[in-house]
Every structure is written in C-alpha cells, then in structure tokens.
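Trainee: how would this look folded up:
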Amino acid sequence: MKQISFLFILFSAVLYSQKIQVLDEDNSKAIANARIVSENQIVYTNEDGFAPVSAQNKSFEISAPGYQTQKLSAFRNVVKLQAKVTDIDEVKIVNVNLMPLFEDLSKNYHKRYYDEPSLYDVTLKSKSFNNNQLTMLVIAEAKMWTKSNSYNYKDGIRKNYDNILQMQLNNVKYFKKKKEGVFNSKSNDFNHADMGDYFFNFEIQRLIANMKMKKSKTIGRLLGEKGDLQQIGINIKSENGIIIEGEMEYNKKDKVITFYEVNYQQSGYPPYKKKNTEGVEYYFQLGDVWVTFDFYKKDKTYVSALKKTEADNFKITHDGITDIRKSSTEMIYNTFSKSDKKGLEPKVDFSKDFWDNVPVKEDKETTILLSQKEQDFVNGN
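Mentor: Model prediction:
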C-alpha cells in the first residue's frame, strides 16, 4: 500500500438559452461548485455562480456543501441558498471512529455505489498556474466508460487500464496555453495510481493506508446532523509527515459518503528527483492537494456527479531556479446511462498527455460556462 500513501497529480452557451446564478441568501455572494440536477443532467456553477441549463428543463434540484438543498418546479435566473445553521447551544464534541466507517465502506463499496458497466458524458476542465500566473486553460467534452465504477487493483498493477476505464475525447471547447515556466517538468510516468485517482474506492484505500501507519493519529468529529445526513470532520496526522484534513457528508441510513472533500498537506515530505520527457533531472517538492468527490442517489444506488483535484505550492527546482506550480482538474459527470459495451472506440491513449489525443469532434450542448477571469485569459486581457 506504500505507493498509494501519497497523492500525485495527473495531469458560452451555444445551444443553451438560459443560465442560472446561485447565490448565498445572507450576503448575495456567488456560490461556486453548486450542483444543479435537472431531468437526468448535471451541471455545476462556475466561480461566478453561473451554470447553463437547457431551456426545455422544467424542474431543478440545487445543492452545495454547507447549504440547504432547494428544489424548483420552474426556471429562475437567480437562486439563493440558505446556509445550514447549527444552534451554538446544542453543539457538543462528538467523536466519530473513522477507521471502521471507512473499512466498512471499502468492504461493501460495490453494494452501495453503482457497480455495473456505465457510460457517462463528462465535461473536463483543467487549469495550470506558474508562480501564481494562469498559464493553461482547457475545457473539453468526453465520453467515459467504466466497467464497475471502481478501481480494480489487479488490472491496475498489471496496467490493464482498458479493463477499468476508457475515455473518448469528443470536442475541445477552449484551449489556451502560455509559457509554463523556466523548465519543462512534464514526464511520461503514468502509472496505476494515476488511474486509481479517478475512483473513490481508491481514495478510501489511500486514506486507510495513511491511518494504519503505526504512529499515525486520527480524529473524527461530528460537526452537524440533520435526519440521516451527518457532517463529519476528518483530521489525520500520518506517520510519513502528511496532514489530511477535511469534511464529508455521510448518510448513516444508506452507509455511504455522498460528499467528500479533504486536503492533503504534503509539504513536510522531502523533495526527490524526477526526470522530464527529455530525460533531464529536476527536484520535485510535493505541495497541498484538495480532493473532492460528489455523488447523487439514482434508482436506489449512488452515482458519480463530480471528481475534482486542486494542487497548490508544488515546487519544481532546476539549475538553481524554483517554480511554484498550482493546478486544478475537474470532471463533471453530466449524464449517466447503463452500458453493456466492452468500451469505447476510438479511445484515449493514457500513455501520452490527455490533450494530445485526437478528438472525434462530437459537438454537444455546452454544459459549462467560463468565469470572468477565465474569459479574460482566453481573450488575452
């Protein structure tokens, strides 16, 4: 399990006539990453709180971490969500034993999350920063096929990736790239852990691996509870110097994690040598990584809605010069359907950069909007 104790980083509207903005009811600030489910399609709000929706949709369910879910029977341009509030007089320190919770979920993963062959329409969004300057933005549409919606360790270690997950790049909506920095740190070192990062069961095993180290310390706290939903805080100080902090939403009736967001603080781990695509050595210093998984219930089981990673303060040192890298990659599962297919054709070659694969040019309705900052970057402002 040693190789998965750390977290490594891989890697408007045209046909829509409506867009929704989601705001905080108390201060009218935009809520980013609010989920909107409408007639079997999922979209998320951008940094300015906007998301595109089809003019044909008539019902919407809007939710965001820390806010009360709101259901609409008709379209509204602006939706304001109420924050979940806990009466301070009722707050008590309640510890949660995290190890049996995660071990139970890992053992019964296939019973609680959808585990049959599936086909998704997904939207991929990736951004890179060098020394706090935006250097790359790409938004693309793709199809994703997965055999069981979970990571198979046997196939992964044997590099039988096509038995686990296949992707097809359909259309690149936006792609702009500036000079990345003083040194090319790209490497061709895709491995089984990179494939595992697509799946929540792999993340659970990584968390358990850190918790099981001899000198690791784990604290779980109940932060709030409403009906069957519990908000639980996570704090792990791993023996290898990594601090893992975050929160999750746990459905105690169904025994599933419906929302999960943790921060791996890895800067305490010493730098090590890597090689780029030209074979040049450099020093690589791990930084902080936020990992987010979001699920929704469909037909009595749970299906993926969002997978996101955000990395900050990763350091690349070569020839006495250090670049500080920051990035984010998110995958929104816009549509879900059951599949009996063996996979996709053509499909992405994971051995090379994802964006170097050739799109099949299947243009669809836009499911993501650029924020104002992103639009300025695309326009060269």
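Trainee: tell me the SS of the residue nearest the centre of the chain?
Mentor: The centroid of the chain falls nearest to K308 when counting by Cα atoms, centre = their mean (1.5 Å). At K308 the chain is in strand, as set by DSSP: H, G, I helix; E, B strand; the rest coil.
Trainee: what sits against the closest residue to I257 other than its chain neighbours?
Mentor: Closest residue to I257 apart from its sequence neighbours, by Cβ to Cβ, 6 or more residues apart in numbering: M248 at 5.1 Å. No exception for glycine: its C-beta is placed from N, CA and C like everyone else's. Residues in contact with M248, defined by Cβ atoms under 8 Å, 6 or more residues apart in numbering, are Q231, I232, I234, I257, F259, Y260, E261, V262.
Trainee: okay, now N263: neighbour count?
Mentor: 17 (other Cβ atoms under 10 Å).
Trainee: quick check: beta-bridge partners of it?
Mentor: E245, W290 (DSSP bridges).
Trainee: same thing with Q231?
Mentor: G224, E249.
Trainee: does it really touch L223, like I thought?
Mentor: Yes. With contact defined as Cβ atoms under 8 Å, Q231 reaches L223; the gap is 4.4 Å.
Trainee: let's have the contacts of M248 in a markdown table, adding neighbour count.
Mentor: A markdown table is the format used below for the contacts of M248 (neighbours: other Cβ atoms under 10 Å):
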| residue | neighbour count |
| --- | --- |
| Q231 | 19 |
| I232 | 22 |
| I234 | 22 |
| I257 | 23 |
| F259 | 23 |
| Y260 | 22 |
| E261 | 19 |
| V262 | 21 |
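Trainee: for these, which one is nearest S185?
Mentor: Checking the contacts of M248 against S185 by Cβ to Cβ gives V262 as the nearest, at 25.1 Å.
Trainee: distance of the nearest residue to the closest one once chain neighbours are set aside from Q231?
Mentor: Once flanking residues are discounted, V262 sits nearest to G246: 3.0 Å by Cβ to Cβ, 6+ apart. Separation of G246 from Q231 (Cβ to Cβ, to the nearest Å) stands at 11 Å.
Trainee: before we move on, what about W290?
Mentor: 17 Å.
Trainee: can you check F175 too?
Mentor: Applying Cβ to Cβ to F175 and Q231 gives a distance of 38 Å.
Trainee: same question for E278.
Mentor: In terms of Cβ to Cβ, E278 sits 47 Å off from Q231.
Trainee: correct me, but I31 touches Y44?
Mentor: No. Contact criterion Cβ under 8 Å: I31 and Y44 do not qualify, at 10.3 Å.
Trainee: who has more neighbours, the two?
Mentor: Y44 (24 against 21).
Trainee: list the contacts of that one.
Mentor: By Cβ under 8 Å, 6+ apart, Y44 lies in contact with N33, A34, R35, I36, A51, L306, E330, I332, I368.
Trainee: coming back round to it: quick one: the residue nearest to I257 and K308, what's the gap?
Mentor: From M248 to K308 the distance is 14 Å (Cβ to Cβ).
Trainee: ok, K297 - contacts?
Mentor: D254, T258, V303.
Trainee: give me the three-state assignment for the second one.
Mentor: Remark: T258 carries the secondary structure label strand [criterion: three-state DSSP].
Trainee: you'd agree it is up against I232?
Mentor: No. Using Cβ under 8 Å, T258 is not in contact with I232; the gap is 11.4 Å.
Trainee: what touches both of the two?
Mentor: E249, Y250.
Trainee: for stretch 219-234, what is the average pLDDT?
Mentor: Stretch 219-234 shows a mean pLDDT of 91.
Trainee: then that stretch to CSV, C-alphas only?
Mentor: Output in CSV follows, covering the C-alpha atoms of stretch 219-234 (Å, rounded to 0.1, in the frame of the first residue of the first chain):
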residue,chain,number,x,y,z
ILE,A,219,-9.6,12.3,14.8
GLY,A,220,-13.1,12.2,13.5
ARG,A,221,-15.7,14.8,14.8
LEU,A,222,-19.5,15.1,14.2
LEU,A,223,-19.9,18.7,13.0
GLY,A,224,-23.6,18.6,12.3
GLU,A,225,-26.6,16.2,11.8
LYS,A,226,-29.9,16.5,10.1
GLY,A,227,-32.1,13.5,9.5
ASP,A,228,-30.0,10.7,8.1
LEU,A,229,-27.2,13.0,7.0
GLN,A,230,-24.1,13.6,9.1
GLN,A,231,-21.4,16.2,8.5
ILE,A,232,-18.1,14.7,9.8
GLY,A,233,-14.8,16.4,10.2
ILE,A,234,-11.6,14.4,9.3
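Trainee: residues of it that come out buried?
Mentor: Buried residues in stretch 219-234, counted by 16 or more other Cβ atoms under 10 Å: G220, L222, L223, G224, Q230, Q231, I232, G233, I234.
Trainee: now those as JSON lines including distance to D294?
Mentor: As requested, the buried residues of stretch 219-234 are exported to JSON lines (distance: Cβ to Cβ, whole Å):
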{"residue": "G220", "distance to D294": "20"}
{"residue": "L222", "distance to D294": "21"}
{"residue": "L223", "distance to D294": "18"}
{"residue": "G224", "distance to D294": "18"}
{"residue": "Q230", "distance to D294": "16"}
{"residue": "Q231", "distance to D294": "14"}
{"residue": "I232", "distance to D294": "16"}
{"residue": "G233", "distance to D294": "18"}
{"residue": "I234", "distance to D294": "16"}
